[in-house]
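Undergrad: here is my input, please return the structure:
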Amino acid sequence: MPDGLDAIDARLIEQLQGGFPLSARPFQAAGGRLGLAEAALIGRLRALLQNGVLTRFGPMFQIERLGGRFVLAAMAVPEARFDDVAAVVNALPAVAHNYRREHRLNMWFVLAADSAAAIDAARQGIETVTGLTVRAFPKEREYYVGMRFRVGGASPVGAAPTSAAAGEAATLTEADRRLIQATQAGLPLCSRPYQAVGKALGLSEDDVLARLAAWLEQGVIRRIGAVPNHYAIGYRANGMAVFDVDDAAVDALGERLGGLDAVSHCYRRPRCLPDWPYNLFAMVHGQNRSAALAALAEARALLGEACRSHDILFSSRILKKTGLRL
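TA: Model prediction:
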């Protein structure tokens, strides 16, 4: 058990990464399933958030279904300038996640915005201020997003592989946008969180519940619940595995790769030739490097002769992690 966590915390983290109730007293309902009183569950969640074991608690929106865009980007930053450049990048609201990775391309971040033009403006702004090239790797196809972590760092890290909900971007009213902005960083930790959100926005509790339920059904919300800091719960080795896979086979193999126990995300992205030949990306997680490298070997064996080369970029530092925001 990771330091500072007990068996109740572990059960809470593992069971509340999705399926949080859409009801008037959701913490009471969720606490009943865990054998905890409403106040006790709220107190534990508050402590886990304050201690950094959870990064947030609430709905996880699929930003592309909201009309937004997000792009994975990378830079090769000179060591002497690394912290200064990280500060510049992290200061941009469009930057959601930022990680240091062990590679010549040592800074990897996600740009999220309402439009492709805004993404490009953010990229160009970073290049102008830093004088460094920003390489963009937009998602071409999503094979799997799981992120159901177990305390202790064991696989599997996700449920059965599923494709992202397809469909057009949702049509949003101004009230919808305000509701998303009010909840994307998390739900209030109080007895009636949906009522509290509605009161702040001039909406009824029932209206808030109905809108969230519809978005969950439509795939606009991936899930509602806890987002763990996977380092804090035992996943000490986290790497972005990348593969150069024959274009004719990549989609079929990407679907299979997303089903491996150690994989939480799997995407097809563009190559950036001549020095970046990889078109298949998968995040793998393990208790230690040996476990992550074993997962990499399993992935490489699955891809077979269609894979011409591969690499793994281990994360060595979280520079920013706020989630994708509209």
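Undergrad: quick one: contacts of the helix or strand containing S316?
TA: Assessed by DSSP states H and E, S316 sits inside strand 307-321. Identification of contacts with strand 307-321 by CB atoms under 8 Å, 6 or more residues apart in numbering yields 55, 86, 89-90, 95-103, 105, 107-109, 229, 231, 237-246, 253, 277-278, 284, 289, 292-293, 296, 299-300, 303. In short, each C-beta sits where N, CA and C put it, glycine included.
Undergrad: work out the gap between that strand and the centre of the chain.
TA: Distance, stretch centre to chain centre, for strand 307-321: 15 Å (CA atoms, centre = their mean, to the nearest Å).
Undergrad: buried ones in that strand?
TA: 307, 310, 312-315, 319-320 (16 or more other CB atoms under 10 Å).
Undergrad: ok, those vs T133, which is closest?
TA: L313 (17.5 Å; CB to CB).
Undergrad: the closest one bridge partners, please.
TA: M240 (DSSP bridges).
Undergrad: let me see the residues that make contact with stretch 29-40.
TA: 8, 11-12, 15-16, 20-21, 23, 25, 27-28, 41, 44, 191.
Undergrad: what subset of these is buried?
TA: Counted by 16+ other CB under 10 Å, these give 12, 16, 20-21, 25, 27-28, 41, 44 as buried.
Undergrad: just send these back as CSV, with distance to Q218, pLDDT and secondary structure too.
TA: Formatted as CSV, these follow (distance: CB to CB, whole Å; pLDDT from 0 to 100; DSSP: H, G, I helix; E, B strand; the rest coil):
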residue, distance to Q218, pLDDT, secondary structure
L12, 28, 96, helix
L16, 22, 96, coil
F20, 17, 97, coil
P21, 19, 98, coil
R25, 25, 98, coil
F27, 25, 98, helix
Q28, 27, 98, helix
L41, 28, 98, helix
R44, 31, 98, helix
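Undergrad: now tabulate those in CSV and tack on distance to R69.
TA: As requested, the buried ones among the contacts of stretch 29-40 are exported to CSV (distance: CB to CB, whole Å):
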residue, distance to R69
L12, 34
L16, 29
F20, 27
P21, 31
R25, 37
F27, 34
Q28, 38
L41, 36
R44, 36
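Undergrad: specify the local secondary structure of the nearest residue to S204 once chain neighbours are set aside.
TA: Nearest residue to S204 in three dimensions, chain neighbours excluded: G198, at 5.6 Å (CB to CB, 6 or more residues apart in numbering). Recorded secondary structure, G198: helix (DSSP: H, G, I helix; E, B strand; the rest coil).
Undergrad: wait, G198 sits on V208?
TA: Yes - at 4.4 Å, G198 counts as touching V208 under the criterion of CB atoms under 8 Å.
Undergrad: and the pLDDT for the residue lying closest to N51 once chain neighbours are set aside?
TA: In space, and not counting its chain neighbours, N51 is closest to G4: 6.6 Å by CB to CB, 6+ apart. G4 is assigned a pLDDT of 79 by the prediction.
Undergrad: now do Y278
TA: 98.
Undergrad: now the end-to-end length of stretch 181-192.
TA: 18 Å (CA to CA, to the nearest Å).
Undergrad: contact partners of it?
TA: 24-25, 27-28, 38, 42, 45-46, 49, 56-59, 61, 193-194, 196-197, 200-201, 205, 212, 322-326.
Undergrad: pLDDT of that stretch, averaged?
TA: 96.
Undergrad: which parts of it are buried?
TA: Under 16+ other CB under 10 Å, the buried positions of stretch 181-192 are 182-184, 186-189, 192.
Undergrad: do stretch 110-126 as well
TA: Applying 16+ other CB under 10 Å to stretch 110-126 flags 110-113, 119, 122-123, 126 as buried.
Undergrad: number of residues surrounding L172?
TA: Neighbourhood size, L172 [other CB atoms under 10 Å]: 16.
Undergrad: can you pull out the strands in the stretch 51-200 of the chain?
TA: 54-61, 69-75, 95-101, 107-113, 135-138, 141-145 (DSSP state E, counting those that start in this stretch).
Undergrad: can you give the strand pairings for the shortest one, parallel or anti for each?
TA: This means strand 135-138. Here, using DSSP bridges, strand 135-138 pairs with strand 69-75 (antiparallel).
Undergrad: what angle sits between the partner strand and strand 307-321?
TA: 100 degrees (axes from the mean of the first three to the mean of the last three CA atoms, to 10 degrees).
Undergrad: hmm, back to that, of G198 and V208, who's got more company?
TA: The neighbour count for G198 versus V208, taken as other CB under 10 Å, is higher for V208 (23 against 20).
Undergrad: ok, back up a step: of the contacts of strand 307-321, buried ones?
TA: Of the contacts of strand 307-321, these count as buried by 16+ other CB under 10 Å: 55, 86, 89, 95-101, 103, 105, 107-109, 229, 231, 237-245, 253, 277-278, 284, 292-293, 296, 299, 303.
Undergrad: would it be right to say that V284 lies in a strand?
TA: Yes - per three-state DSSP, V284 lies within a strand segment.
Undergrad: only C-alpha atoms, please: export the strand holding S316 in PDB.
TA: Output of strand 307-321 as PDB, limited to C-alpha atoms (Å, rounded to 0.1, in the frame of the first residue of the first chain):
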ATOM      1  CA  CYS A 307       6.300  -2.900 -36.700                       C
ATOM      2  CA  ARG A 308       9.600  -1.600 -38.100                       C
ATOM      3  CA  SER A 309      11.000   0.200 -35.000                       C
ATOM      4  CA  HIS A 310       9.900   1.300 -31.600                       C
ATOM      5  CA  ASP A 311      10.900   3.400 -28.500                       C
ATOM      6  CA  ILE A 312       9.700   4.300 -25.100                       C
ATOM      7  CA  LEU A 313       9.800   7.700 -23.500                       C
ATOM      8  CA  PHE A 314       9.600   7.500 -19.800                       C
ATOM      9  CA  SER A 315       8.000  10.400 -17.900                       C
ATOM     10  CA  SER A 316      10.500  11.800 -15.400                       C
ATOM     11  CA  ARG A 317       8.600  14.800 -14.100                       C
ATOM     12  CA  ILE A 318       5.000  16.200 -14.200                       C
ATOM     13  CA  LEU A 319       5.300  19.900 -15.200                       C
ATOM     14  CA  LYS A 320       1.600  20.700 -15.400                       C
ATOM     15  CA  LYS A 321      -1.600  18.700 -15.100                       C
END
